[in-house]
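> Need the 3D shape of this:
(2 chains)
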Amino acid sequence: MLNSSIADTFDLIADLLDFQSANPFRVRAYRNSARTIRDYPESLSVLAAEGKEELMKIDGIGEDLAGKIITLVETGELPMLNELKAQIPPSLPALLRIPGVGPKKAALLFKELRIKSLDELKAACAEGKVHQLKGFGVKTEQLIMQGIGIASQANERLYWSTADQIANELRQHMASCKKVEKLEFGGSYRRGKETIGDLDVLVVSDDVNAVMDRFAEFPGRAETIARGDTKMSIRTDAGFQIDLRVVPAESFGAAWQYFTGSKEHNVILRGMAKAKGLKINEYGVYKIHGEKETYIAGKTEADVYATLDMPVFPPEIREARQEFEWAAKGKLPKLIEERDIVGDLHMHTHATDGTASIEEMAEAARDRGLSYIAITDHSKRVSMASGLDEARLLAQWAEIDKINKKHGKKGFIILKGIECDILENGDMDLSDECLAQADWVVASVHYGQKQPREQITARIVGALANPHVDCIAHPTGRLLNRREPYEVDMEAVFAAAQKYGKFLELNANPARLDLNDIHLAAARDRGIPIVINTDAHSTDGLNVLRYGILQARRGGLTKEQVANTREWKEVMEMLRRN
DNA sequence: GCCGTTTTCGGCCCGACTGTTTTCAGTCG
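You can find the predicted model right below:
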C-alpha cells in the first residue's frame, strides 16, 4: 500500500471525526499523522512488516496509529473507518470544500435537513430552508450558494510560476500607493512550494484604509471576501484568493515570519516559545510574567528567531521536517542558489520538438552565464516529436563537433547528448554502440506510463544499469494538476542509482518539478548526485531554471549535492569514477 | 490520539473576521 493511500485514509477519518464533533486534538492527531506519512520518504508498508516499534519511531505516530497502519497494510481496510462510514454518508466531506462551511455547519445541515451532497444543499438553499436553521441566516445562505460554485469548480492550485506573475502584478499595482512603506509576500509562495493555493501579502503602513482601498482596485479582483481593521481578502476572477495584512513596522518581522509559515513550522516554534515563558504571535514576541506580557521582539524575522536562539531559516525549508534538528546541531545547510549552476544537461532543438537551433540554444545559455550545455533531443520512439534515429543523431553530433571547433576558444562547450526513450519492453530506443559515442545520455519514459509498479520500476532500474546511461530524466513523470506520477518504486530507483553511480534529474519545468522535494531529500541522504535541468524547448525555456532551484532548496540541497554546479570536466570525472 | 530536560496526566498555537448574536460560535489561516 502506498504511503499516500494510508495518508488519505487518515485524512478521511479526521474529516469524519470532525463531523461527529470528536475531540479536536484527536482529529488533529489524525491530520498530523496523515501529513507526516504523505511526506515520509520510505514505504510504511515495508516498515509495518518490521513491527509496531518501527512505526512508533516516526514523530506523531503512537501505539494506536501504528496498530491501525499495520491493520491497513495487512488487510487493506480498517474496522474503525468502516464503523464511521456506516454512521456518516460518504458524500458529506464534499460540503467541507465550501468556503465558510466547516464541520459544525455541515453536521447541522445533515442532522436537520438530511443534506448529504452539494446538489441537495443547492436545492435546500434555493427553497430557503437553510437560513431558517439556528446559527444560519440569509447572508450565510447566499454565501453557501456562491460557495457551491467554487467548491464544484476544479479549484486547482496554481503553479508557482503563475502565482509569481500575479505577485509581481500586485506588487506593481500597490507601488503607486504612497502609504505603502513596505510590501512582502509570505505563505507557500515565499516558501517556493510547487503549487500555490492562495497568496499572502504583508504591508507596513500607518494608513490601513488607503492600502485597502488600493488593494480593492487590483485589476484582477472579482470580489472582496472580507475587510476588517487589519486584514482583507479578495478573490480574483480566476478564483484565486489573495489575503492582505497591514501591520505596523515594529510587528513586521513577526508578521512576516508568521504568515510565511508553514503552519506546522509555526506550531513547533510557538511550542518552544511557550516552554521558555514567551509568546509568539503575528505582532511580536512577548515575555509573560503572570498576567502581564511585554513586547521583546518583532521588527525583523532575525529578531524573532533570535529570542529562541534560532537562525533565520530559509523559507523553503520551513516545513517542520528537519530544520529544527539541523538548527539544534548548528548545521543548517547552505542551500543552492541559481548562480551556482554552470551547465544545463537537458534541452531540445528544432531537430525534434524544440524551436531553436543548436547555436541559438548555445548562445542563449552562454548569455545566461553557463559554460556548457548538452543537446538532448528525443530518440526515434517519440515519433510525434520526430525523434532522432541513429543516422540523424550522428549527423547532429557531427554538427556539434563543427560548432564547438568554430567557437572552441571561448571556453563554452556543447555536449553531444540524447534523451533516449526507455521502451515499453525495457530496451533502450537506440543501440549501445550508438549511445557509447555520446558525451551525455539521459534516459526517460514517455510511453507505457500506466504500466504496473513492478514493470515500470524494472524499466527504469534497467536503464540505470545500462553502462551508457548517465541520468534518468523526470524520474516520476508527474505533471502538476494534470497527470499522476508513474507507479514507480522510488526506493528501488534510488538503490539502483546508488549501485551504478548514476545521477537523477530535477526537471525545472514548472509543470514537472520532478523529482519533488521529498524525493530530493531522500536522494540527498543517499548521496545521489542531482542534476537540475531546464528541459528547454526554446531559448526562453532556459529561464525555468529558477523554479528548479526553488524546488532544490525545498529538498535541502546544497551546491555540492548538485552535479551541474561543477564544470563539465569535473562532472565527467564523477561519471568515470562511478 | 500524541507526548514528556517542569509532566505518564493534562496539556495540545493564536488571532481576525463574519454573521448571528446580545456576548459568541464557527471558520479560516
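> Let me see the contact set for A:V469.
Residues in contact with A:V469 (C-beta atoms under 8 Å, 6 or more residues apart in numbering) are A:C420, A:M428, A:L435, A:V441, A:V442, A:A443, A:A463, A:K502. Using the backbone N, CA and C atoms, a C-beta is placed for each residue, glycine as well.
> Select from these the one having the most neighbours.
Using other C-beta atoms under 10 Å as the neighbour criterion, A:C420 leads those with 30 neighbours.
> ok but that one is inside a strand, no?
Yes: the assignment for A:C420 (DSSP: H, G, I helix; E, B strand; the rest coil) places it in a strand.
> Next one: it from A:D8, what distance?
Counting by C-beta to C-beta, to the nearest Å, the gap from A:C420 to A:D8 is 36 Å.
> quick one: which of the contacts of A:V469 is nearest A:D229?
Distance to A:D229, by C-beta to C-beta, is smallest for A:V442 among the contacts of A:V469, at 54.7 Å.
> what sits against the closest one?
Going by C-beta under 8 Å, 6+ apart, A:V442 touches A:345-346, A:374, A:376, A:417-420, A:469-473, A:505, A:533.
> what about A:R524, how many neighbours?
The tally of other residues near A:R524 (other C-beta under 10 Å) stands at 20.
> what pLDDT does the residue of the stretch 51-200 of chain A at minimum distance from DNA strand B get?
Going by C-beta to the nearest atom of the strand, DNA strand B is nearest to A:G137 of the stretch 51-200 of chain A, at 1.7 Å. Predicted confidence (pLDDT) for A:G137: 85.
> burial of it, as a residue count?
Around A:G137 there are 13 other residues, counting by other C-beta under 10 Å.
> Phi first, then psi, for the residue lying closest to it once chain neighbours are set aside.
Nearest residue to A:G137 in three dimensions, chain neighbours excluded: A:H131, at 5.6 Å (C-beta to C-beta, 6 or more residues apart in numbering). With angles defined as degrees, to the nearest 10, A:H131 sits at phi -70, psi -10.
> wait, A:H131 sits on A:M145?
No: between A:H131 and A:M145 there is no contact under C-beta atoms under 8 Å: 10.6 Å.
> Count the residues that sit near the residue of the stretch 151-300 of chain A found nearest DNA strand B.
As assessed by C-beta to the nearest atom of the strand, DNA strand B sits closest to A:G228 within the stretch 151-300 of chain A, at 2.3 Å. A:G228: 9 surrounding residues under other C-beta under 10 Å.
> And the pLDDT at it?
91.
> The one 10 residues further on too?
At A:A238, the model reports a pLDDT of 74.
> How many residues are close by it?
Quick note: A:A238 (other C-beta under 10 Å) scores 12 neighbours.
> Any regions of the stretch 51-200 of chain A where pLDDT drops low?
Scanning the stretch 51-200 of chain A for pLDDT under 70 picks out the ranges A:150-156.
> residue boundaries of the helices in it?
Along the stretch 51-200 of chain A, the segments classed as helices by DSSP state H, counting those that start in this stretch run A:52-56, A:63-75, A:79-87, A:103-113, A:118-126, A:138-152, A:160-175, A:187-190.
> May I have the third one as PDB, with CA atoms only?
Extracted C-alpha coordinates of helix A:79-87, given in PDB (Å, rounded to 0.1, in the frame of the first residue of the first chain):
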ATOM      1  CA  PRO A  79     -12.800  -1.700  11.100                       C
ATOM      2  CA  MET A  80     -12.800   1.700  12.800                       C
ATOM      3  CA  LEU A  81     -13.200   3.500   9.500                       C
ATOM      4  CA  ASN A  82     -15.900   1.100   8.400                       C
ATOM      5  CA  GLU A  83     -17.900   2.000  11.600                       C
ATOM      6  CA  LEU A  84     -17.500   5.700  10.900                       C
ATOM      7  CA  LYS A  85     -18.600   5.300   7.300                       C
ATOM      8  CA  ALA A  86     -21.700   3.400   8.500                       C
ATOM      9  CA  GLN A  87     -22.700   6.500  10.500                       C
END
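> ok, now how distant is A:F494 from A:V488?
11 Å.
> Now do the phi/psi pair for the closest residue to A:R453 other than its chain neighbours.
Once flanking residues are discounted, A:R453 sits nearest to A:E487: 4.4 Å by C-beta to C-beta, 6+ apart. Per-residue torsions, A:E487: phi -80, psi 30 (degrees, to the nearest 10).
> Contact partners for A:E487?
When contacts are counted by C-beta under 8 Å, 6+ apart, A:E487 touches A:Q451, A:P452, A:R453, A:I456, A:T457.
> Surely the third one touches A:V488?
Yes: proximity of A:R453 to A:V488 meets the contact threshold set by C-beta under 8 Å, at 7.1 Å.
> So for those two, which sits in the more crowded spot?
When neighbours are counted by other C-beta under 10 Å, A:R453 and A:V488 differ, and A:V488 comes out ahead with 23 against 13.
> mind checking how far that one is from DNA strand B?
30 Å (C-beta to the nearest atom of the strand, to the nearest Å).
> How about the contacts made by that residue?
With the criterion set at C-beta under 8 Å, 6+ apart, A:V488 makes contact with A:R453, A:I456, A:T457, A:I460, A:P475, A:T476, A:G477.
> Average pLDDT for the host helix or strand of the fourth one, rounded please.
Element membership of A:I460 [criterion: DSSP states H and E] is helix A:453-465. Taken as a whole, helix A:453-465 has an average pLDDT of 94.
> phi, psi of the nearest residue to A:E74 once chain neighbours are set aside?
Closest residue in space to A:E74, ignoring its immediate chain neighbours: A:A48 at 7.6 Å, by C-beta to C-beta, 6+ apart. For A:A48, the backbone dihedrals (degrees, to the nearest 10) come out as phi -60, psi -30.
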